[in-house]
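Trainee: got a predicted structure here, sequence first:
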Amino acid sequence: MPLPDKLEGLESAVARIPDGAVLLVGGFGVPGTPFTLLRELERQGQQQLTLIRNDANEPGTGIDRLLRSGQVRRLVTSHIGLNAHAIERMNEGSLDVEFCAQGILAERIRAGGAGIPAILTDVGLGTELAAGKTIVEVEGRPLVLEMALRADVALVHAATADPFGNLTYAATARNFNPPMAMAADRVVAETESLVALGDLSAENVETPGSFVDAVVPLSALTEDYGIVCR
Amino acid sequence: MPLPDKLEGLESAVARIPDGAVLLVGGFGVPGTPFTLLRELERQGQQQLTLIRNDANEPGTGIDRLLRSGQVRRLVTSHIGLNAHAIERMNEGSLDVEFCAQGILAERIRAGGAGIPAILTDVGLGTELAAGKTIVEVEGRPLVLEMALRADVALVHAATADPFGNLTYAATARNFNPPMAMAADRVVAETESLVALGDLSAENVETPGSFVDAVVPLSALTEDYGIVCR
Amino acid sequence: MGSSAASLGNARERLVRRAARDIVPGSVVNLGIGLPSKVAEFLPADFPVCLHTENGLTGLGPAVPLEEADRNLIDAGGAYVGTVAGAAFFDSVTSFSLVRSGRLDLSILGAFEVAANGDLANWKIPGKFSPGPGGAIELAQKAKKVCIVTTHTDRHGNPKLLRQCTLPRTGTACVARVYTDLAVIDVTPAGFLLRERAEGRTVEEIRAATGAPLQVAKGPLPVF
Amino acid sequence: MGSSAASLGNARERLVRRAARDIVPGSVVNLGIGLPSKVAEFLPADFPVCLHTENGLTGLGPAVPLEEADRNLIDAGGAYVGTVAGAAFFDSVTSFSLVRSGRLDLSILGAFEVAANGDLANWKIPGKFSPGPGGAIELAQKAKKVCIVTTHTDRHGNPKLLRQCTLPRTGTACVARVYTDLAVIDVTPAGFLLRERAEGRTVEEIRAATGAPLQVAKGPLPVF
């Protein structure tokens, strides 16, 4: 009973993303960002995308390239402070931005991947982040209803993958990738290293391959992935 | 800036459990059960305990020993089918049992460890497990309100630990241990192997030590931990 | 494998073998405790599939004898098992996240009762059997497809396929197909639909052992 | 370390050094971006503490120069960092689980405004600065103790300690203590309470720079 093989080429894996898709995009700053999948998405030019991602990368890299190419309609995020261009787009009204507290963004995605429709939290109470949200009283305590987030496609970046889609991540490049790799109808993982089935220790797999639909091995790392000199 | 040391002796670690405590107990069947901590708890004799644990172990082992010694008032669990004694105690009314769907038990503990007061799920709707529970309507859909579970103390079993409390687990001995190791005011981990700070790969730590309060190295494994011949 | 399959008996082996034939290549499958767990033994050795056990493993391999057992490696039924290349261990939270979020393609379960609308009862017999639900509720309610392998009647000869469940339900309208020692029966909007009959069994016999109306598929009825 | 500390300037170094002195041995601490992150530089080399960064690491070590940087290892502010022995990486979900569930003993943050009841504003200036909340909401609302390190006044000389926040709040009644270049001030049920003054500063000067009533602790006022 061999595990199924999910290796797929870059072009084909990204071509399955339709116009109007909702996408989860891994990464926190540079680490863990699937730059190669994003560049291919820019090349293919799908339109009217909704992106869910912790930040907006830095100008000229990662999802900022999709903002510049006009492919993004809406961004659900926690902090875009390192990208003046994204802030400008938001302020001029050409990009619809929904801000979430970072941990609640993570938790909503996690709920989507866990098949939990909604969670209740006190985080954000007393701030404008709770404004307009449904409040549910539980045991006399007001709690904010936060809906699960799921996407049509998740784009994640792994350090190592096997053909079944078992994934590991490097250092703080883990960040949002594991919850995102569970929370989409289709999960596409680019990987720096591809190993044979059985080469990853079953105990050290971070994302089980059963959550992953396509594994795209990277032939090279572009400079996007390198050290940022600010 | 060395990480704090949390090594503690067996007797002292268990002595901090008061009468009436709510305890999370790791394990699914034999694997991952903290048998040594449980035997010490039996020896010390704390009373009126509430245990939260996937199953009731098999007769004469694990938490069944605490049922027999009369230390347990209440059990929150998913399946006690391998323990006829526990079923008998439940049926005769001397043990208060609350059943949860297994994944919802895991999810409630996980919510406790994640600082999420409650979750909403459709699991259990149409069954008696939802009976008496609060239903919250979300976007026209009825959902069951499931409260987070937290405990005074969690007793977990690790394969390897360092003195800060970073933990790894073996194979299917992981089960409920990681969520439980996050969901108690005091987390006590017994460990088969103790290694020095830095010997565990930072990427392979399963439970970060910041969630753990006491590390109890096991000097030997009793036969409780061995292969069960049914 | 050989010995275990042999011990099933002819009729049970046939139904389990038949259930195995429907498994879609590349799918993620959870096999319940007991008869359902035997389905894996009838998959071809090169068949691409990922077996899941809810105590925290994908890439479940065959059961292993006690002398080769790893004390930390069991399936959800407590049997000592092996793994296949590419297996992954995870905690109970992740395991049920997989089930609830639609990543489990197929759950094969046992049954006390199946109703004509697909309701399932398999976890409790009030006053007699109440070990708790375990993972059954989520496996029944959340797998993308739920199939049942069971004897057609209980050991007193009473039908398990009924108009309505009399026992506490595990899930509502969740069962797609039932494999028994007599028949393969689908749950359809019009109720039970007989798709195939076991070798040597007649439609009349199957209908008599079924506690609800039984439609019969058009055309010649395949035999398994 | 030496060079970085030197670059802080005398008054800032003194306040950061003062904040470091209050850290409880054995605690888990998150240091915010900017001035708060400098607090670690003033902990003794053998001081037992666990530094957390919300992008997924406990056991954060000092910042590293670019030529030694690991491209995959940053803190939440994007600086390349090292780790100490016993560090652990985890995902963003686990990282904020730690914050929300009471495992973060201390969060040291910057501030635009702190109110006399402990309300904090540090994430948004409508019309001017709206990068999003990042992790600030949970760090302010959920750490067991929240302290602020900040200049006493903004760069226009306006007080940051106020009767009430005028900017959107990050958290309500969450701040326990404020370290500034002028003073150490506690938030108490009676409002701001001056605990210590910076070398060369008078109570009158501190009061004049504070936008809310300032109680003064009894007895001689320590100088830092």
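Mentor: Looks like it arrived, so ask away.
Trainee: got a list of what residue 40 touches?
Mentor: Went with chain A since none was named. Residue A:40 makes contact with A:10, A:11, A:14, according to Cβ atoms under 8 Å, 6 or more residues apart in numbering or on different chains. Yep, even glycine has a C-beta here, placed from its N, CA and C like the rest.
Trainee: you looked at the wrong chain, it should be chain C
Mentor: Applying Cβ under 8 Å, 6+ apart, we find residue C:40 in contact with A:1, C:20, C:31, C:51, C:60, C:62.
Trainee: what are the buried residues along the strand or helix carrying the fourth one?
Mentor: Secondary structure here is read from DSSP states H and E; on that basis residue C:51 sits in strand C:50-53. Burial within strand C:50-53, assessed by neighbour count using 16 or more other Cβ atoms under 10 Å in any protein chain shown, is assigned to C:50, C:51, C:52, C:53.
Trainee: what about the third one, distance to residue C:18?
Mentor: Right, the one you point to is residue C:52. Distance, residue C:52 to residue C:18, using Cβ to Cβ, to the nearest Å: 21 Å.
Trainee: go on, residue C:189?
Mentor: From residue C:189 over to residue C:18 (counting by Cβ to Cβ), the distance is 24 Å.
Trainee: looking at the two, which has the bigger crowd around it?
Mentor: residue C:18 (20 against 7; other Cβ atoms under 10 Å in any protein chain shown).
Trainee: can you pull the contacts of the residue lying closest to residue A:211 once chain neighbours are set aside?
Mentor: Leaving aside its sequence neighbours, residue A:211 sits nearest to residue A:182 (Cβ to Cβ, 6 or more residues apart in numbering or on different chains; 4.8 Å). Counting by Cβ under 8 Å, 6+ apart, residue A:182 makes contact with A:110, A:112, A:113, A:114, A:207, A:211, C:97, C:98, C:101, C:103.
Trainee: next, residue A:182: secondary structure please.
Mentor: coil (DSSP: H, G, I helix; E, B strand; the rest coil).
Trainee: check what pLDDT it gets.
Mentor: Among the per-residue scores, residue A:182 holds a pLDDT of 98.
Trainee: same question, the one 3 residues further on
Mentor: What the model reports for residue A:185 is a pLDDT of 98.
Trainee: which residue, other than its chain neighbours, is closest to it?
Mentor: Using Cβ to Cβ, 6+ apart, the nearest residue to residue A:185 is residue A:152, at 5.6 Å.
Trainee: what residue is smack in the middle of chain A?
Mentor: Among the residues of chain A, the one closest to the centroid is residue A:25, at 2.4 Å (Cα atoms, centre = their mean).
Trainee: got the phi/psi numbers for that residue?
Mentor: phi -130, psi 120 (degrees, to the nearest 10).
Trainee: gap between it and residue C:166?
Mentor: On the measure of Cβ to Cβ, residue A:25 and residue C:166 end up 51 Å apart.
Trainee: what's the answer for residue C:34, then?
Mentor: Residue C:34 sits 21 Å away from residue C:166, going by Cβ to Cβ.
Trainee: re earlier: what is the most widely separated pair among the contacts of residue C:40?
Mentor: Greatest spatial distance among the contacts of residue C:40 (Cβ to Cβ): C:20 and C:60, at 14.9 Å.
Trainee: of the two, who's got more company?
Mentor: Legend: neighbour count by other Cβ under 10 Å for residue C:20 and residue C:60, higher for residue C:60 (25 against 21).
Trainee: beyond the helix or strand that one falls within, next helix or strand please.
Mentor: Here residue C:60 sits within strand C:57-63, counting by DSSP H and E. Using DSSP H and E, the helix or strand that follows strand C:57-63 towards the C-terminus is strand C:81-89.
Trainee: pull out the buried residues from that next one.
Mentor: Quick answer for strand C:81-89 (16+ other Cβ under 10 Å): C:81, C:83, C:84, C:85, C:86, C:87, C:88, C:89.
Trainee: repeat for stretch A:137-153
Mentor: So for stretch A:137-153, counting by 16+ other Cβ under 10 Å, buried means A:138, A:143, A:144, A:145, A:146, A:147, A:148, A:149, A:150, A:151, A:152, A:153.
Trainee: look up phi and psi at the closest residue to the fourth one other than its chain neighbours.
Mentor: It stands for residue A:145. In this structure, residue A:145 finds its nearest non-sequential neighbour in residue A:134, 4.1 Å apart by Cβ to Cβ, 6+ apart. Dihedral pair for residue A:134: phi -70, psi 130, per degrees, to the nearest 10.
Trainee: next one: residue C:77
Mentor: Main-chain dihedrals, residue C:77, degrees, to the nearest 10: phi -90, psi 0.
Trainee: what residues are up against it?
Mentor: Residue C:77 neighbours (Cβ under 8 Å, 6+ apart): C:33, C:34, C:37.
Trainee: chain C contacts on chain A?
Mentor: Contact residues (Cβ under 8 Å from any Cβ of the partner chain) of chain A with chain C: A:1-5, A:112-116, A:162-164, A:166, A:182-183, A:185, A:196-198, A:200, A:202-203, A:205, A:208-211.
Trainee: in strands, which of these fall?
Mentor: Cross-referencing the residues of chain A next to chain C against strands under DSSP state E gives residue A:185.
Trainee: which of the residues of chain A next to chain C count as buried?
Mentor: Using 16+ other Cβ under 10 Å as the burial test, these include A:1-4, A:112-116, A:162-164, A:166, A:182-183, A:197-198, A:200, A:202-203, A:205, A:208-211 as buried.
Trainee: next one: the longest helix anywhere in chain C to chain centre, how far?
Mentor: Across chain C, the longest stretch assigned as helix under DSSP state H is helix C:10-21. Centroid separation between helix C:10-21 and its chain, computed with Cα atoms, centre = their mean, to the nearest Å, is 11 Å.
Trainee: may I see the buried residues of that helix?
Mentor: C:11, C:12, C:13, C:14, C:15, C:16, C:17, C:18, C:19, C:20.
Trainee: nearest to chain A among the residues you listed?
Mentor: Comparing those against chain A with Cβ to the nearest Cβ places residue C:20 closest, at 11.0 Å.
Trainee: OK, contacts around the closest one?
Mentor: Contacts for residue C:20 were tallied using Cβ under 8 Å, 6+ apart; they are C:39, C:40, C:41, C:42, C:43.
Trainee: recalculate using a threshold of 6 Å.
Mentor: For residue C:20, the contact set (Cβ atoms under 6 Å, 6 or more residues apart in numbering or on different chains) comprises C:39, C:42, C:43.
Trainee: just to revisit the earlier point, so who does the residue nearest to residue A:185 touch?
Mentor: A:21, A:22, A:185.
Trainee: can you read off the backbone torsions of residue C:153?
Mentor: Here is the backbone geometry of residue C:153 (degrees, to the nearest 10): phi -130, psi 160.
Trainee: roughly how far does it sit from chain A?
Mentor: 32 Å (Cβ to the nearest Cβ, to the nearest Å).
Trainee: residue 163 - nearest residue in space that isn't next to it in sequence?
Mentor: Just going to use chain A. Using Cβ to Cβ, 6+ apart, the nearest residue to residue A:163 is residue A:5, at 4.6 Å.
Trainee: please refer instead to chain C.
Mentor: residue C:212 (4.4 Å).
Trainee: quick one: the one you found and residue D:124, what's the gap?
Mentor: Counting by Cβ to Cβ - residue C:212 and residue D:124 are separated by 62 Å.
Trainee: likewise residue C:83?
Mentor: Taking Cβ to Cβ, one finds residue C:83 at 50 Å from residue D:124.
Trainee: re earlier: okay, the buried residues of helix C:10-21 in JSON lines with pLDDT next?
Mentor: Putting those into JSON lines (pLDDT from 0 to 100) gives the following:
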{"residue": "C:11", "pLDDT": "87"}
{"residue": "C:12", "pLDDT": "90"}
{"residue": "C:13", "pLDDT": "93"}
{"residue": "C:14", "pLDDT": "95"}
{"residue": "C:15", "pLDDT": "95"}
{"residue": "C:16", "pLDDT": "96"}
{"residue": "C:17", "pLDDT": "97"}
{"residue": "C:18", "pLDDT": "98"}
{"residue": "C:19", "pLDDT": "98"}
{"residue": "C:20", "pLDDT": "98"}
